[in-house]
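In: Sequence first, predicted model second:
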Protein chains: 2
Amino acid sequence: MKFIILLVFTFCVNALMLRSVKDKMTEGVIQQIREQIKNPQTQHYHSAYNRLAYYVDTFGPRLWGSESMADAVDALYSEIEKMGFDRVWKENLGEITSWMRGEESVTLYEPREIPQKLNMIGLGWTPAGTVKGEVEVVHSFEELKQKDVRGKIVCYNFEWNGYGSAIAFRFAGPTEAEKAGAIGTMIRSVASVSIASPHTGMTDYENIKKPAVAITVEDADMIDRMRQRGQKVVVEIKTGGQQYKTTSDNFFAEIKGSKYPDEILLMGGHWDSWDVGSQTGANDDGGGVIVCLEALRILNSLGLKPKRTIRFIAWSGEEMGQKNNGGFHYALNHGKENHIIAFESDLGSTKPYGFGITAGQQFTQLVTYMAQEYLTGIGAERVYPNDGESVDSGVLAEITGTPMMNNRIADNENHDFYFAYHHTAGDSMWMMDPDDMDDNVVAIASIMYLIADYDGPIPKD
Amino acid sequence: MKFIILLVFTFCVNALMLRSVKDKMTEGVIQQIREQIKNPQTQHYHSAYNRLAYYVDTFGPRLWGSESMADAVDALYSEIEKMGFDRVWKENLGEITSWMRGEESVTLYEPREIPQKLNMIGLGWTPAGTVKGEVEVVHSFEELKQKDVRGKIVCYNFEWNGYGSAIAFRFAGPTEAEKAGAIGTMIRSVASVSIASPHTGMTDYENIKKPAVAITVEDADMIDRMRQRGQKVVVEIKTGGQQYKTTSDNFFAEIKGSKYPDEILLMGGHWDSWDVGSQTGANDDGGGVIVCLEALRILNSLGLKPKRTIRFIAWSGEEMGQKNNGGFHYALNHGKENHIIAFESDLGSTKPYGFGITAGQQFTQLVTYMAQEYLTGIGAERVYPNDGESVDSGVLAEITGTPMMNNRIADNENHDFYFAYHHTAGDSMWMMDPDDMDDNVVAIASIMYLIADYDGPIPKD
């Protein structure tokens, strides 16, 4: 009996020691990642910000399939090829149908004596056209049904209660207005706050036939006031959107797993962006691509060989939402591989505060444990269950059931900070911070390493 | 002796009673002003906001001497004529030289492969011109001296430390750059925060000869980064500004003083504005004009007859800064009248928190006493000595020594809220609040009444 007790005791001590040794090793790795990135003497310090700034400044916005996008893909890809990863490659999407903006404007003719150009931006996929007519304001789809908008231009002026409810007006608003007989649509920009800032975004590309634009929240309110006081409102909308055939690439870099190379942690963002201003696509989602790339780079440069494969992806075409974009292309071509997780950084790369995860309970618990055990103190220990979805990873998840994760950004409940700049010319390096971007790199590199190097089998549920 | 004591005692009691009766009457008036304006059942409730919105929406921005400005003057003047004041009149400024904006743009040619239009706005009084050249960034006038900018375009990228230091770059930056041999100038917008928002404003109108524009803080930083990493930057600036002859009016309304009609309290704002966007001039300074007008209107509609004359003025041409604008015209034509105070509301009509005053010590003390005694509880009891200056009242003060007052607005030390919108398309009804505007009306009507109806002589120092 004493012997058995001794045996059990010895075993426990060994297990504890092993655990303790293991913890210290892992802790050491996480510590190293952090120290390398946060140390001003290393090549990693502020590298995410500086690299992103170089691309944003030099290539400008990266509309899907555009020449700027292709140039920015080629340039970043060439850099990645020299970074010493186990494998770097591109995948061409074949012929794609994309869309380019043309000359566009909204001019207010009544009640003003002197015609007034309004700040505006065409919605993605709006066709070319010129329409002039009386404006009717509606605040909901219900109200659209109740009003006679035949031959008129509909102005949707909804209340901002976060992206979820607003997006319906941008996506379905124009085509619903068309169905009701409208000749064109203006939506209130999907925005939290505004300095007369128009926000673009995709509308219903499969059905849109008439000019559809976003005006500022200021002008949507103005037109609403005009109608409320009984003033007749007449505007002319001009749009110049055109579809065209082009192509684009997803591109990749990989650290091969040392023990389970076929178990893949996918991690990335989308390299395409909207085209509103000189730097659009800094935070959405150039930052997401770059912080994931830098996360892979730090693991590689520390010579770490996690047990599972970590695959960086720069998706192409998230914003344009077509069925043959990079998200679909990857999912269709790689769906049969064993994806442990699809991590997508597309909520911004400003101040991080944790992760969202959409996975089974056990996997969620494991990741929660890892974050709390190792990432406390770097501001990334919070894990939000059932909240890990993103658009491109979502396609893979839809087809294969792969769990999803994302990195979350400090903001209020409605993400008012994010949606002040989203899809505007203000999505620029000005809203980014080098230290915050570094913190994202630390957080993402750490959690990816922890999962990739986890000893046991990854729970399937 | 007893008799004398009794006499003194009686006198004191009488004086105290008188004072007490007086206080209650005055308190009652202040109470009435507040109740009338804050009561949703009266015509005064939200009248400031609604009236301002009508003008902003219907007439648009009111650039000095423009047709929109003239229309907005005529329309508001017609309304005022029907408001039942003792006297309403206009004063024509005669022939004035004003300036109108033309087509304008900034296009970035290098280091981009694909030319990129930048968000921009020409500075007031910039002449028409097209210049293309290499850009040199400077951060101070010192640095301008040290760099060879001959044949180049200068980009001023200064640090935001409030309006005071920034304004020097907007006003003198372009002409200083010209003197150093530059062919054109871009200044970083004078802005606290930005969503890619260009801010206009007056530059050195007497000397400017070459294109001078404001770009966004985002793009000023971008061009700075480009230069820092050794990229050559080439832009083309096009401006279309033109001077022309026109005319404009100051306009007035008055409640005649019941006891000292020749002692005048001047009170108003400037009705002209910049021309950036669809609603520019809501807060700067349509709001200032309207809250002062509403302040006079509430006093009038309560049938109050203060001892001194209260004169409302809508100045014309503050933004353009010419030597024959409304500020100078009034000062030169009315400088010999006995002005007790010149109150100018031009710091915005958002949330009020007190008054600034530039006056002698005794007058300052009197106003401070009045505010603390009667305006506590309506958020307007704070009086900031030696801080009552504004531009138009400043001309009168310069010529006549008239004390100045202004109404102050809740903001941080650098007025970052105000300077997010100042001289942009975002200066709109969206940043205004009906309750805050009402609070301004209450505060201004109250302090004007208190000074105008003050029993004793107004201290001269």
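Out: Nice, I can see it. Numbering: from 1, shown residues only, chains lettered A, B, ... in the order given.

In: burial of the residue of the stretch 201-350 of chain A found nearest chain B, as a residue count?
Out: Checking the stretch 201-350 of chain A residue by residue against chain B with Cβ to the nearest Cβ singles out A:Glu218 as nearest, at 4.1 Å. Bear in mind the C-beta positions are built from the backbone N, C-alpha and C, glycine included. By the criterion of other Cβ atoms under 10 Å in any protein chain shown, A:Glu218 has 29 neighbours.

In: for the one 10 residues further on, same thing?
Out: By other Cβ under 10 Å, the residues close to A:Gln228 number 10.

In: now A:Phe417
Out: Burial of A:Phe417 is recorded as 18 neighbouring residues (other Cβ under 10 Å).

In: circling back to that earlier point, against B:Ala282, how distant is the residue of the stretch 201-350 of chain A closest to chain B?
Out: Here A:Glu218 is placed at a distance of 9 Å from B:Ala282 (Cβ to Cβ, to the nearest Å).

In: where do the contact lists of those two overlap?
Out: Here A:Glu218 and B:Ala282 have B:428-429 as joint contacts, going by Cβ atoms under 8 Å, 6 or more residues apart in numbering or on different chains.

In: now the helix or strand hosting the residue of the stretch 201-350 of chain A closest to chain B: mean pLDDT?
Out: For A:Glu218, the enclosing helix or strand under DSSP states H and E is helix A:217-228. Mean per-residue pLDDT for helix A:217-228: 98.

In: which residues make contact with the following helix or strand past that helix from outside it?
Out: Later in the chain than helix A:217-228, the nearest helix or strand by DSSP H and E is strand A:234-240. Residues from elsewhere that reach strand A:234-240 (Cβ under 8 Å, 6+ apart): A:101-110, A:118, A:122, A:126-135, A:153, A:184, A:186, A:211-213.

In: OK, contacts around the residue nearest in space to the middle of chain A?
Out: For chain A, the residue whose C-alpha lies nearest the mean C-alpha position (Cα atoms, centre = their mean) is A:Asp346; its distance is 2.3 Å. Taking Cβ under 8 Å, 6+ apart as the contact definition, A:Asp346 lies against A:269-270, A:284-285, A:288, A:318, A:390-392, A:406.

In: Select from these the one having the most neighbours.
Out: With neighbours taken as other Cβ under 10 Å, the top of those is A:Asp285, carrying 32 neighbours.

In: State the pLDDT value of it.
Out: Note on A:Asp285: pLDDT of 98.

In: what about the helices in chain A?
Out: Counting by DSSP state H, residue ranges of the helices within chain A are A:2-38, A:47-59, A:67-81, A:141-146, A:163-179, A:217-228, A:287-301, A:326-334, A:361-374, A:391-400, A:418-421, A:434-452.

In: Give me whichever of those is most buried.
Out: Counting by mean count of other Cβ atoms under 10 Å in any protein chain shown, helix A:287-301 has the highest mean neighbour count of the helices of chain A, with a mean of 27.

In: tell me the angle that one makes with helix A:67-81.
Out: Relative orientation of helix A:287-301 and helix A:67-81, computed by axes from the mean of the first three to the mean of the last three Cα atoms, to 10 degrees: 10 degrees.

In: quick check, helix A:287-301 touching chain B?
Out: No - judged by Cβ under 8 Å from any Cβ of the partner chain, helix A:287-301 and chain B are separated, with a smallest distance of 14.8 Å.

In: That helix: how far from the chain's middle?
Out: Remark: helix A:287-301 is offset 16 Å from the chain centroid, using Cα atoms, centre = their mean, to the nearest Å.

In: what residues does the stretch 101-250 of chain A put near chain B?
Out: Taking Cβ under 8 Å from any Cβ as the test, the list of the stretch 101-250 of chain A residues beside chain B reads A:108, A:111-114, A:116-119, A:194-197, A:216-219, A:221-222, A:225-226, A:229, A:231.

In: Let's see that with 7 Å instead.
Out: Within reach of chain B by Cβ under 7 Å from any Cβ of the partner chain, the stretch 101-250 of chain A has these residues: A:108, A:111-114, A:116, A:118-119, A:194-197, A:217-219, A:221-222, A:225-226, A:229.

In: roughly how far out does the helix holding A:Glu218 sit from the chain middle?
Out: Helix A:217-228 has its C-alpha centroid displaced from the chain centroid by 31 Å (Cα atoms, centre = their mean).

In: quick one, it and strand A:234-240 angle?
Out: Per the same axes, to 10 degrees, the angle that helix A:217-228 makes with strand A:234-240 is 140 degrees.

In: residue contacts, A:Asn161?
Out: Taking Cβ atoms under 7 Å, 6 or more residues apart in numbering or on different chains as the definition of contact, the neighbours of A:Asn161 are A:Asn414.

In: Per-residue pLDDT of it, please?
Out: As predicted, A:Asn161 sits at a pLDDT of 94.

In: Any figure for the gap between it and chain B?
Out: With the distance defined as Cβ to the nearest Cβ, to the nearest Å, A:Asn161 ends up 17 Å from chain B.
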